[in-house]
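# my questions concern the predicted model and sequence given below.
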Amino acid sequence: MILDKTFPPDPRVENEAISLIKHGHEVFLFCLMYSNEKENEQINGIQIKRYRSNKVIYKLSALVYTIPFYTYVMSKKVSHFLVSNNIEVVHIHDIQIAGAVLKTVKINKVKTVLDLHENRPEIMKFYPHLTAFPGKQLISPKKWKQKEEEFIARADKVIVVTKESKNEIIKRTNKLSNNIVVVPNTVHRSYYFNALIDNEIIKRYSSNFVLLYVGDTGLRRGLITAIQSISILKDVIKNIKLVVVGSNSSDEVLKEEVQNLGLQSYVNFEGWKNERIFPSYIKSSSVCISPLHRNLHHDTTYANKLFQYMSFSKPVLVSNATAQKNLIEKTNSGLVHLEKNPQDFANKVLELFNNKELRETLGKNGKRFVEEEFCWEKTSEKLIDLYANLST
């Protein structure tokens, strides 16, 4: 496996590696280090091989498909990794380092699996540093998309996180369907079976009707919609509380909106918390939300938070971003609101507030879906099958 970041943490990389190890594969992980970490160590059976990097190279990685320096530097490191560990198959995590890897495997003649964690070229359009000088002039999402299509064509197999993503890639690149495998980001059964619950958090919100959001709070995640809906809801649901567990550099925009609307007593910003604390917040909630704005990235991916919510039998309220809309309607585990529409968001909250039986039914449906079909132990089977049938 090739990861152009530090490790740990990276839940997807770790989950995939451990599952493969359990099925008899030997997994070596190429990753980077910036301080005095161990060059070689074993974590949960994964043989970690760290290669030194620095801040200059890190910053130049954003220009990887503008100037070739990053690819040149990384290809030498990757080549050393492949040869010294006698690697038979390369599993590339995302496209930033894919150019360097594919340049190297052409010489070493090994099979390649390209794991697309997200639609990077599309989501790059929303990065703040790409909307202003000099990033806007130096980094081209269009060029990244061209490179992504080149890498998809060259890889033996491609892994994506949703069916919607698979369909979009087939339509755009003509990659054969049987060469694209869907492996979603889902939770392990241990996430909900072995969760440690902080009763202080449960007690803190015991008298509130809690709308909960966990994770990155960037503006494209749609929390402005939820905040604006509280202005509508607070006069009907007297004990309503929007609880936001997470952070982003744009949080001041959200907090300013809360202040402008006079909602300080109805919205709590908890800041970033360790994910081990998330189950406590989820258990304290009444409805869990994912009000994503629609774009090609959000329409073709799931937020992992959905499965965290559902695993604790909580009804979810999601925007009509295609992938999550399809998931929630298929599983009947929540309601769907129109993106960027506070009134529709509020209407759906009221529907849930006024019908406890509906909340319980939707929550049970979500829990059943996660336990029976969409926990990691189930969804990782496609990954295992891919490697079982990948001739080297």
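Here it is on my side, so go on. Numbering: from 1, shown residues only.

# how far away is V78 from T322?
35 Å (CB to CB, to the nearest Å). Every C-beta, even on glycine, is put in place using the N, C-alpha and C of the backbone.

# the two: which has the busier surroundings?
Per other CB atoms under 10 Å, whichever of V78 and T322 has more neighbours is V78, with 26 against 17.

# okay but that one is in contact with L102, surely?
No - judged on CB atoms under 8 Å, V78 makes no contact with L102 at a distance of 9.6 Å.

# now what about stretch 326-333, what contacts it?
Here stretch 326-333 makes contact (CB atoms under 8 Å, 6 or more residues apart in numbering) with 164, 302, 306, 310, 315-316, 318, 334-336, 361-363, 365-366, 369.

# repeat that for stretch 18-34.
1-7, 13, 17, 39, 44-55, 58, 77-78, 81, 85, 87, 376, 380, 383-384, 387-388.

# so which of those residues are in strands?
I46, Q47, I48, K49, R50, Y51, R52 (DSSP state E).

# from these, which is closest to K255?
R50 (38.2 Å; CB to CB).

# grab the nearest non-local neighbour of the closest one.
M33 (4.1 Å; CB to CB, 6 or more residues apart in numbering).

# for K76, see how far away the one you found is.
16 Å.

# please apply the same query to E256.
Distance from E256 to K76, by CB to CB: 47 Å.

# swap in T379?
Distance of T379 to K76, given as CB to CB: 36 Å.

# which of these two has more neighbours?
Ranked by neighbour count (other CB under 10 Å), T379 and K76 place T379 first, with 20 against 12.

# so the more buried one makes contact with V183?
Yes - counting by CB under 8 Å, T379 does reach V183; the two are 6.3 Å apart.

# buried residues in stretch 216-234?
Neighbour counts over stretch 216-234 (16 or more other CB atoms under 10 Å) mark 217-218, 220-230, 232-234 as buried.

# hmm, I was thinking of stretch 198-214
So, applying 16+ other CB under 10 Å, buried residues of stretch 198-214: I201, R204, Y205, N208, F209, V210, L211, L212, Y213, V214.

# cool, and stretch 349-364?
Those buried within stretch 349-364 under the rule 16+ other CB under 10 Å are V349, L352, F353, R359, L362, G363.

# out of those, the closest to I282 would be?
Distances from I282 to the buried residues of stretch 349-364, taken by CB to CB, are shortest for G363, at 10.8 Å.

# check what pLDDT that closest one gets.
pLDDT, G363: 98.

# who are the packing partners of the helix or strand of the chain with the lowest mean pLDDT?
Within the chain, no helix or strand scores below helix 135-138, which has a mean of 72 by mean pLDDT, DSSP states H and E. Packing partners of helix 135-138 (3 or more CB pairs under 8 Å, 6 or more residues apart in numbering; DSSP states H and E): none among the helices and strands.

# tell me which of the buried residues of stretch 349-364 is nearest to G246?
V349 (19.8 Å).

# wasn't the closest one part of a helix?
Yes - judged by DSSP: H, G, I helix; E, B strand; the rest coil, V349 forms part of a helix.

# per-residue pLDDT, the closest residue to R52 other than its chain neighbours?
Leaving aside its sequence neighbours, R52 sits nearest to M33 (CB to CB, 6+ apart; 5.8 Å). M33 is assigned 96 on the pLDDT scale.

# same deal with I2?
Reported pLDDT for I2: 98.

# residues in contact with it?
F30, V78, F81, V90, H91, I92, H93, I97, V101.

# out of the contacts of stretch 18-34, which end up buried?
Of those, these count as buried by 16+ other CB under 10 Å: 1-5, 7, 13, 17, 46-51, 53, 77-78, 81, 87, 376, 380, 383-384, 387.

# now, the residues you listed that are in helices?
Judged by DSSP state H, helices contain the following of the buried ones among the contacts of stretch 18-34: V13, A17, K77, V78, F81, W376, L383, I384, Y387.

# what sits against the second one?
With CB under 8 Å, 6+ apart as the criterion, the residues that contact A17 are M1, V27, L29, N44, G45, I46.

# same question, the first one
Applying CB under 8 Å, 6+ apart, we find V13 in contact with M1, L3, F7, L29, H93.

# could you check how far it is from E148?
Taken as CB to CB, the span from V13 to E148 is 19 Å.

# also the last one?
Per CB to CB, Y387 is found 23 Å from E148.

# give me the domain ranges for this protein.
11-186+377-388, 189-374 (automatic domain parsing).

# L296 touches E168, doesn't it?
Yes - contact criterion CB under 8 Å: L296 and E168 qualify, at 7.4 Å.

# got any residues that touch both of these two?
N119.

# can you list contacts of the helix or strand harbouring N365?
Taking DSSP states H and E as the definition, one finds N365 inside helix 356-372. Applying CB under 8 Å, 6+ apart, the contact partners of helix 356-372 are 186-187, 189, 192, 286-287, 307, 309-316, 331-335, 351-352, 378.

# what about the helices in the stretch 51-200 of the chain?
55-60, 69-84, 98-108, 120-124, 135-138, 141-154, 163-173, 189-193, 199-204 (DSSP state H, counting those that start in this stretch).

# ranking those by mean pLDDT, which is last?
helix 135-138 (a mean of 72).

# from the chain's centroid, how far away is that one?
26 Å (CA atoms, centre = their mean, to the nearest Å).

# do stretch 242-255 as well
On CA atoms, centre = their mean, the centre of stretch 242-255 falls 18 Å from that of its chain.

# give me the buried positions along that stretch.
L242, V243, V244, V245, G246, S247, N248, S250, D251, L254.

# fine by me, we can end here.
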